[in-house]
Every structure is written in structure tokens, then in C-alpha cells.
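>>> what's the 3D shape of this:
(one chain, ligands or ions: 3)
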Amino acid sequence: MVDLSIANKVKDFGLKKFIEGRKCLEISENNLARIIKKDNNSYTLVKEDESRIQAKKIKKDARDFVVGDFVTYIQKAEHVFLEDLLERKNLISKKSSEARKSVHFKEEEQAMAANVDRIFIALACDQRFTISKLERYVATFSIKDAELIILLTKSDFKKKFKKIHDQITGLYPNLKVIPLTTSNGKSFDVLKSLLNDNDTSIIIGASGAGKSTLINFLTGENTGSERTNEVRSDGKGKHTTTGSTMIALEPGMGYIIDTPGFKTIDTTKDERSDELLFQPIYELATSCKFNDCKHDSEPKCAVKEAVKNGTLTKELLERYQANLRIKG
Ligand SMILES: Nc1nc2c(ncn2[C@@H]2O[C@H](COP(=O)(O)OP(=O)(O)OP(=O)(O)O)[C@@H](O)[C@H]2O)c(=O)[nH]1
Ligand SMILES: [Mg+2]
Ligand SMILES: [Zn+2]
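Ligands and ions are numbered 1, 2, ... in the order given. Below is the predicted model of the structure:
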């Protein structure tokens, strides 16, 4: 007999778990759904019975609905509209940079997805890498109640992989870094072991970083799929993914949101957290003589002391101070 409990979990996109968690609240559960795809003003919702419907936003509604949101909807004649936006566990956003060149220039936080448990940042070994790029990614996408993991994709570019890997782990031993390559299916085992039933993960990174390829591996569709495109004959990557979509992975691995790649990220630093990167410094700083110690030339500085006795690397302090200068 087919185990329906597993089959159900694969397709309800965490909705049942969400409903269980808010039993006491007065919501008409018939009209609860989760957004699993967003395309301009069209939203694909999955309902508790696992069926899907298309919904739209009411014209005057200024709220930002994103993939991963739990919502209620109303039916009016033949149209379905988004109604309530239920409280989010967290929200991923980045500063919009796409519109920079257009006349409709706006600098706004752009909401990307909500209610995620795990954020994967894909960095491809065949693309240009800098530590400050990594720092921007980490500072932008460190959000509450979500684990952050760096995926070093295309690790079959062995020399480049080693260089990038050593650079990251040497400077930031706190970061979780996982190498991945499609040329060795086993490299996906570590990634799979991190995924849990019912969890929502998201994958973020530059265009061509291998995000969709990786998802195809996790859904067992690694035999060539619509989600990815082969590199063009001129060797350049090609934009393939155009909107965010939540995908059900193999049983026991939950869901993952595939996102379109982007070229640059800007971060509104003050709203972000770099604790993940500089945690050792923040911890030591509590023992500095001065509360506002810059760990520069102040006396009785616990951070400088730690560098001197070798418990903290000089490079980490330098990156910290460089980032402080950017923040201004
Ligand atoms: N050598 C090598 N190539 C890979 C690997 N993973 C992906 N690729 C190739 O990289 C190219 C881009 O992969 P995609 O998965 O489409 O990249 P993406 O991050 O989804 O790109 P966008 O949708 O544009 O954001 C494809 O041609 C893949 O075949 C890998 O592990 N090794
Ligand atoms: Mg893609
Ligand atoms: Zn200090």
C-alpha cells in the first residue's frame, strides 16, 4: 500500500504543519494557501488539499506578496484574489538594483521570499570570486530563524575550487561551506543530509551559478530538464530562471525555492547582520576596556590582545575594520 502520509508531505508545501501551528487562530482554513510561484501579478497557490489555483492581487493592494507566504484568498466570480497575508517567520529581501538604469529609478528593498528555514548561497568556482562579494552575500542574507550555508558549486574546476575554499575557510571558519559538483553525484550526499522533511530552503546566487542544476539533482531530474539551459556556444551562461518557484524535493527533503540569478547585490548594511562573519570579534569586544572600542589603538583592547596571542587571525580583524569603513 502506498504510504499516503509521505506522499502528502511532499506536496502540501508545509501548509499542514503551518495550520497545526496556529490552531487557535480564527482563520477560515478552507481558504488558506501558500504561494509557490510568482509571475508578475499572477500567483500560484497550493491549497491544503494539494490542489493548485491561480490568484491575483486586488488592484489597490500595495502589499508585497512573495513565494513562501501563507495567505488566505477569496473567490469573486471566476477570479481568485489574495486576501490576508499571514504573519511571516522571516523575510528575505535585497536592495533592488535592476531598475537602476531605467527612468523609473527606485531604490527599494525588494522582497524575495518568506518563511524559509535555510538559505543556500551558491558561488560557482568558474565565476569571479572576491571575499567582499561573499561578505555582501552573507550580510544581506543572514536573517533570523534561518540557517545560512555556502555552496561552492562546480568544484570540478579543481584549482579554482581549492583557492576559493581555502580563502573562505581560512578567514571565516564559522561559515558552513559545502563543495558540489555534478561530475560526482556523491558530493550531493552532504547537502541532502542537511535537508529535513517539511522545511523550506531557498537558493540564491549569480546567474549561471548552477542553482537550477542542483535542484534538478535533488528532485531526481538530473537527466536534463526545463529548469536549466546549456551554456551557449560562445561559452557565456544564459539566463534561464525568470521567477521564483518553490519546488518539492524527494521525500524527506522538504521544499526549495529556485530564484533567478542576479549580477550585483547592494546591501543596506544598517539593517543587516554581519554577526555570522565577525562573531569572534563581537564576543571578544565585550572584554575591551571601552564600550565603543574600534580595536585600533585603544588601550586594554581584548581583540588586539587575541590577535597578539594567536587566538584570532589578523586577517579577520582587517576585514572587520574594512567593513566598518564601508558602513561609515
Ligand atoms: N562543470 C560544471 N558545470 C555545471 C555544474 N553545475 C552546473 N553547471 C553548468 O552551469 C550552467 C548554468 O547552470 P544553471 O543551473 O542553469 O544556473 P542557474 O544558477 O540556475 O542560472 P540562472 O537561472 O540564470 O540564475 C549550465 O550549463 C550547467 O550545465 C557543475 O557542477 N560543473
Ligand atoms: Mg536557474
Ligand atoms: Zn577592542
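>>> beta partners of residue 247?
Beta-bridge partners recorded for residue 247 (DSSP bridges): residue 256.
>>> going forward can the numbers begin at 488, since that is how I track them
Fine by me, first position is 488 from now on; the one you just mentioned is residue 734.
>>> please report how far it lies from ligand 1.
Note on residue 734: its distance to ligand 1, by CB to the nearest ligand atom, to the nearest Å, is 12 Å. (Each C-beta comes from the backbone N, C-alpha and C, glycine too.)
>>> and the pLDDT for that residue?
Residue 734 carries a pLDDT value of 92.
>>> distance check, it against ligand 3.
46 Å (CB to the ion, to the nearest Å).
>>> what helix or strand is the closest residue to ligand 3 within the stretch 488-637 of the chain located in?
Of all residues in the stretch 488-637 of the chain, residue 622 sits closest to ligand 3, at 20.5 Å by CB to the ion. Taking DSSP states H and E as the definition, one finds residue 622 inside helix 618-628.
>>> could you check that helix and say which residues are buried?
Using 16 or more other CB atoms under 10 Å as the test for burial, helix 618-628 gives 621, 622, 623, 624, 625, 626, 627, 628.
>>> what does stretch 519-533 give?
Neighbour-count burial for stretch 519-533 flags 519, 520, 521, 522, 523, 524, 525, 530, 531, 532, 533 (criterion: 16+ other CB under 10 Å).
>>> all strands for this structure, in order.
According to DSSP state E, the chain carries its strands in the segments 519-526, 529-534, 539-543, 557-563, 566-572, 578-582, 596-601, 605-611, 634-640, 663-666, 687-692, 732-735, 742-745.
>>> packing partners for the third one?
In other words, strand 539-543. Packing contacts for strand 539-543, counted by 3 or more CB pairs under 8 Å, 6 or more residues apart in numbering; DSSP states H and E, involve strand 519-526, strand 529-534, strand 566-572.
>>> what does the chain put close to ligand 3?
Within the chain, the positions adjacent to ligand 3 are 775, 780, 782, 788, 790 by CB under 5 Å from the ion.
>>> go with 8 Å
771-772, 775-777, 780-783, 785, 787-791 (CB under 8 Å from the ion).
>>> quick revisit: just put the helices and strands packed on strand 539-543 in JSON lines and tack on distance to ligand 1.
Formatted as JSON lines, the helices and strands packed on strand 539-543 follow (distance: least, CB to the nearest ligand atom, whole Å):
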{"stretch": "strand 519-526", "distance to ligand 1": "15"}
{"stretch": "strand 529-534", "distance to ligand 1": "18"}
{"stretch": "strand 566-572", "distance to ligand 1": "26"}
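>>> reformat those strands as TSV; add mean pLDDT and distance to residue 549.
Output for the helices and strands packed on strand 539-543, formatted as TSV (pLDDT from 0 to 100; distance: least, CB to CB, whole Å):
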stretch	mean pLDDT	distance to residue 549
strand 519-526	93	16
strand 529-534	93	15
strand 566-572	94	11
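>>> need those strands in JSON lines with distance to residue 692, can you?
Output for these, formatted as JSON lines (distance: least, CB to CB, whole Å):
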{"stretch": "strand 519-526", "distance to residue 692": "19"}
{"stretch": "strand 529-534", "distance to residue 692": "23"}
{"stretch": "strand 566-572", "distance to residue 692": "27"}
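>>> closest to residue 634 out of those?
Closest to residue 634 of those is strand 519-526 (CB to CB; 20.5 Å).
>>> so, in contact with ligand 2 or not, that closest one?
No - if you take CB under 8 Å from the ion as the test, strand 519-526 misses ligand 2, and the best it gets is 14.0 Å.
>>> re the thing from before, can I get the strands of the chain in TSV including distance to residue 509?
Below are the strands of the chain laid out as TSV (distance: least, CB to CB, whole Å):
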stretch	distance to residue 509
strand 519-526	9
strand 529-534	16
strand 539-543	21
strand 557-563	9
strand 566-572	12
strand 578-582	18
strand 596-601	15
strand 605-611	22
strand 634-640	23
strand 663-666	31
strand 687-692	16
strand 732-735	20
strand 742-745	19
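>>> if we can go back for a sec, pLDDT averaged over the helix holding residue 622 - what is it?
The model assigns helix 618-628 a mean pLDDT of 89.
>>> relative orientation of that helix and strand 578-582 in degrees?
Per axes from the mean of the first three to the mean of the last three CA atoms, to 10 degrees, the angle that helix 618-628 makes with strand 578-582 is 130 degrees.
>>> for this protein, what spans make up the helices?
Assigned by DSSP state H, the helices in the chain fall at 491-498, 502-508, 618-628, 645-658, 675-681, 698-705, 762-772, 789-795, 801-814.
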